[in-house]
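# I would like the atomic coordinates for the input below:
(2 chains)
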Amino acid sequence: MQSAVSVKDLKIAYGSTVVLQNINLEIAPREFLVLLGASGCGKSTLLNAIAGLTDIADGEVWIEGRNVTWAEPKDRGIGMVFQSYALYPRMSVRKNLGFGLRVAGLPKAEIAARANRAAEMLHLTPLLDRRPAELSGGQRQRVAIGRALVRQVDVFLFDEPLSNLDAKLRNELRVEIKKLHQDLGNTMIYVTHDQVEAMTLADRIAIMKDGVIQQLAAPAEIYHRPANLFVAGFIGAPAMNFIEGQIVARGAGHAFVAGGLDLDLAGYQGAPLPGPATLGFRPEHLMPEAGGGPAIEGTVSVVEPMGADTVVWFSHEGQSHSLRLMGDTGLRPRDPLRAGIDITRANLFGADGTRL
Amino acid sequence: MSVASVTPRGPKPGRLTLGRFGLYAFLISAALFFSVPLYVMIVTSLKTMPEIRAGGIFSLPQGLDLSAWKTAWSGACAGTECAGVQAGFWNSVRITLPAVAISVLVGAVNGYALSFWRPRGGTLMFGLLMAGALVPYQVFLYPLVRWFATGHLYNSLPGIVLVHILFGLPLVTLLFRNYFVTIPEELFKASRLDGAGFWRIFAEIMLPMSVPMLVVAAMMQFTGIWNDFLLGLVFAGRENLPMTVQLNNIVNTTTGERLYNVNMAATILTALVPLVIYFVSGRWFVRGIAAGAVKG
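The predicted structure is shown next:
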């Protein structure tokens, strides 16, 4: 099947500073792809390059089967939503929505019809004659989405659209964006540094660091089988726990040894190799008061009740780890703790940081 | 009653401290420093010559005598011509209006292009423009006169207008560039995605956002050009001498006794236009100056 958007060998450089190099991406039609990374990782630059707003040094950009590498932004068949909303301050919501269509020379009736339809979808109808300054942040961002909507394009680009909103609005609008994607079935590329947005919205997530895509996979895959230590540490809150140790051959299989911990790797989902390694396990994959199985022992330091679940921080051989329990707990600081490790859900990373 | 018995509650009571006192004293004396000469000018212009000869420059006029104003406007002599400052007034209008309009618009386009489109060599051009603004006028005079003479622009209305546009551009460009860099670039990107080109983005998005800056630039240009003496004297030619040059000619023409009341009236008339503009659009001026600090 033909890709909706494909990026081939993309390179972007400012002067002699190379920001992105050898970027290759194939985005399927109707896919929701999230570019996730810390600030400065090049994710927004990549999005701007797809939009045609940044000069590229090498490579190609294809949208809907057309090579648009040299095409103007307006001719690429894309709509874009920005973090700062970027609404035209001197125009009403109606004019903001219709500006692009007016530039394109569409008949007035058609512009009005499209603006009204977009306003209806985004619950903006009562606000059509207001100026952006008279709207709340959430309303402004909905107008910005509407402005992309009226252009009836195949590909939507979002550049951190929710970052300027407060937490409650962010959650609401996140759900709205997901609904919009389900209703419209457009291809969407969404840049964010918020892993919750990435996990909840994406069909696939591309995690970026220093201009390199670290892993491109479905959210569950990224969460449960991170490709390397960076991805493992970046995704998840509280972060994945790590213990450094050695993998040794034992009988027909392998075992992970670190201090007093000795784990048989029989059930491990992967290919362990003898040598130095890092064991990673998520807070919710620890089982308190395990029976006789492999376990780590420690002392509770801090208990953080969050309502739905509780995060218990404990120290084990001088290192702090976290454990997530559903509901409340009777554990208190300085209590002893024994937690079993579910090796089938754990991750092992080799000396170079990649998953074994 | 001891101080301790008062419970601090509600707004803190204000007290006249020595610092406050000094501040007011300074402000009042500064206000007097600027308003006393104006007062003297106005009362003198309303007096008759015998009254002025009697001395007492601070005393109020005995009657309201507007004849000096009439003479200053239409009868005062500059050399052999006795037509007042009115010809100069219209010359100044003819010079100032097109020069202000064109320099502000071109400067706005310059600033817009420099901050959003970043043309190749834009930084260099901007640097040169700023360097040009720092070089004293006098250095340009002779080369410009020679150049204009070759192009038949010397001593003509288009010539003097062009000179003012050229000398105004660096400042106006700087103003607009600094204003436009405060506008989020995403706005520019959004309008490009909407398909708008160079001129449409300028006219429909950026210009409506820069009304305060337009007012500031227009006022600065207007007062600068209206008050100009040197360039008008050198480039305008006899037919187009601006009001300032004509005022100088009137004040310096003495046949018999110096007509102080006429001179004062002529001076006030010359200064009146910028003065009125400041009074009318002061609010906009402050807003525009502060525009850099406030979001759109």
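
# so what's the residue most central in space within chain A up against?
Against the mean C-alpha coordinate of chain A, by Cα atoms, centre = their mean, the closest residue is residue A:198 at 2.8 Å. If you count contacts by Cβ atoms under 8 Å, 6 or more residues apart in numbering or on different chains, residue A:198 has them with A:34, A:36, A:190, A:192, A:205, A:219. The C-beta positions use only the backbone N, C-alpha and C, and glycine is treated the same way.

# Residues of the stretch 101-250 of chain A that sit close to chain B?
With Cβ under 8 Å from any Cβ of the partner chain as the criterion, the stretch 101-250 of chain A comes near chain B at residues A:103, A:104, A:144, A:147, A:151, A:159.

# In the helix or strand containing the third one, which residues are buried?
When elements are assigned from DSSP states H and E, residue A:144 belongs to helix A:137-149. Within helix A:137-149, the residues that count as buried by 16 or more other Cβ atoms under 10 Å in any protein chain shown are A:138, A:139, A:140, A:141, A:142, A:143, A:144, A:145, A:146, A:147, A:148, A:149.

# Export those residues to JSON lines and append columns for pLDDT and distance to residue A:322.
Conversion of the buried residues of helix A:137-149 to JSON lines gives the following (pLDDT from 0 to 100; distance: Cβ to Cβ, whole Å):
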{"residue": "A:138", "pLDDT": "89", "distance to residue A:322": "33"}
{"residue": "A:139", "pLDDT": "91", "distance to residue A:322": "38"}
{"residue": "A:140", "pLDDT": "92", "distance to residue A:322": "37"}
{"residue": "A:141", "pLDDT": "91", "distance to residue A:322": "34"}
{"residue": "A:142", "pLDDT": "92", "distance to residue A:322": "37"}
{"residue": "A:143", "pLDDT": "93", "distance to residue A:322": "41"}
{"residue": "A:144", "pLDDT": "93", "distance to residue A:322": "38"}
{"residue": "A:145", "pLDDT": "92", "distance to residue A:322": "36"}
{"residue": "A:146", "pLDDT": "93", "distance to residue A:322": "42"}
{"residue": "A:147", "pLDDT": "92", "distance to residue A:322": "42"}
{"residue": "A:148", "pLDDT": "90", "distance to residue A:322": "40"}
{"residue": "A:149", "pLDDT": "90", "distance to residue A:322": "42"}
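
# Can you tell me which of those residues is closest to residue A:313?
residue A:138 (34.9 Å; Cβ to Cβ).

# three-state assignment of the residue nearest to residue B:46 when sequence neighbours are not counted?
Once flanking residues are discounted, residue B:46 sits nearest to residue B:61: 4.3 Å by Cβ to Cβ, 6 or more residues apart in numbering or on different chains. Assigned by DSSP: H, G, I helix; E, B strand; the rest coil, the conformation of residue B:61 is coil.

# Same check on residue B:167?
helix.

# any idea how far residue B:106 is from it?
The gap separating residue B:167 from residue B:106 is 13 Å, by Cβ to Cβ, to the nearest Å.

# which one of the two has more residues nearby?
residue B:167 (21 against 16; other Cβ atoms under 10 Å in any protein chain shown).

# Quick check: the more buried one touching residue B:138?
No. If you go by Cβ atoms under 8 Å, residue B:167 and residue B:138 don't touch, sitting 12.0 Å apart.

# Can you tell me which residue is spatially central in chain B?
Nearest to chain B centroid, counting by Cα atoms, centre = their mean: residue B:223, 1.7 Å.

# In this structure that one contacts residue B:274, no?
Yes. At 4.3 Å, residue B:223 counts as touching residue B:274 under the criterion of Cβ under 8 Å.

# Who is the residue nearest to residue A:284 when sequence neighbours are not counted paired with across the strands?
Among residues not flanking residue A:284 along the chain, residue A:324 sits closest, at 4.2 Å (Cβ to Cβ, 6+ apart). Under DSSP bridges, the beta-bridge partners of residue A:324 are residue A:311.

# And the pLDDT for residue A:324?
pLDDT for residue A:324: 92.

# Could you do residue B:137 as well?
On the pLDDT scale, residue B:137 gets 81.

# Relative to the whole chain's centre, how far out is the lengthiest helix in chain B?
Ranked by number of residues, the top helix in chain B under DSSP state H is helix B:260-290. Helix B:260-290 sits 8 Å away from the centroid of its parent chain (Cα atoms, centre = their mean, to the nearest Å).

# and that helix, what other elements does it pack with?
For helix B:260-290, the contact count by 3 or more Cβ pairs under 8 Å, 6 or more residues apart in numbering or on different chains; DSSP states H and E identifies helix B:18-45, helix B:49-53, helix B:67-74, helix B:86-112, helix B:211-227, helix B:243-252 as packing neighbours.

# Kindly recompute the last result at 6 Å.
On a contact count with 3 or more Cβ pairs under 6 Å, 6 or more residues apart in numbering or on different chains; DSSP states H and E, helix B:260-290 meets helix B:18-45, helix B:67-74, helix B:211-227, helix B:243-252.

# I'd like these as TSV, with distance to chain A appended.
Shown next, in TSV, are the helices and strands packed on helix B:260-290 (distance: least, Cβ to the nearest Cβ, whole Å):
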stretch	distance to chain A
helix B:18-45	36
helix B:67-74	42
helix B:211-227	9
helix B:243-252	37
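
# Including mean pLDDT, could those helices go into a markdown table?
A markdown table is the format used below for the helices and strands packed on helix B:260-290 (pLDDT from 0 to 100):
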| stretch | mean pLDDT |
| --- | --- |
| helix B:18-45 | 92 |
| helix B:67-74 | 87 |
| helix B:211-227 | 90 |
| helix B:243-252 | 88 |
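
# Out of the ones you listed, flag the one nearest residue B:185.
helix B:211-227 (17.5 Å).

# Distance from that closest one to the middle of the chain?
On Cα atoms, centre = their mean, the centre of helix B:211-227 falls 6 Å from that of its chain.

# which residues touch the following helix or strand past that helix?
Sequence-wise, the next helix or strand downstream of helix B:211-227 (DSSP H and E) is helix B:230-235. Here helix B:230-235 makes contact (Cβ atoms under 6 Å, 6 or more residues apart in numbering or on different chains) with B:159, B:160, B:163, B:242, B:245.

# now the longest helix of chain B and helix B:18-45, what's the angle there?
Using axes from the mean of the first three to the mean of the last three Cα atoms, to 10 degrees, the direction of helix B:260-290 lies 140 degrees away from that of helix B:18-45.

# about what we covered before: which of the contacts of residue A:198 lies closest to residue B:190?
residue A:190 (16.9 Å).

# and the closest one, how many residues sit next to it?
26.

# Assumed it was part of a strand.
Yes. Looking at residue A:190 with three-state DSSP, it is inside a strand.

# Was I right to think it contacts residue A:34?
Yes. Using Cβ atoms under 6 Å, residue A:190 is in contact with residue A:34, at 4.8 Å.

# packing partners for the strand or helix carrying residue B:158?
If you go by DSSP H and E, residue B:158 is part of helix B:157-180. Secondary-structure packing of helix B:157-180 (3+ Cβ pairs under 6 Å, 6+ apart): helix B:86-112, helix B:122-134, helix B:211-227, helix B:230-235.

# Confidence-wise, which of these is weakest overall?
helix B:122-134 (a mean of 86).

# what's the burial count for the residue nearest to residue A:170 when sequence neighbours are not counted?
In space, and not counting its chain neighbours, residue A:170 is closest to residue A:162: 4.5 Å by Cβ to Cβ, 6+ apart. The number of residues packed near residue A:162 is 24, by other Cβ under 10 Å.
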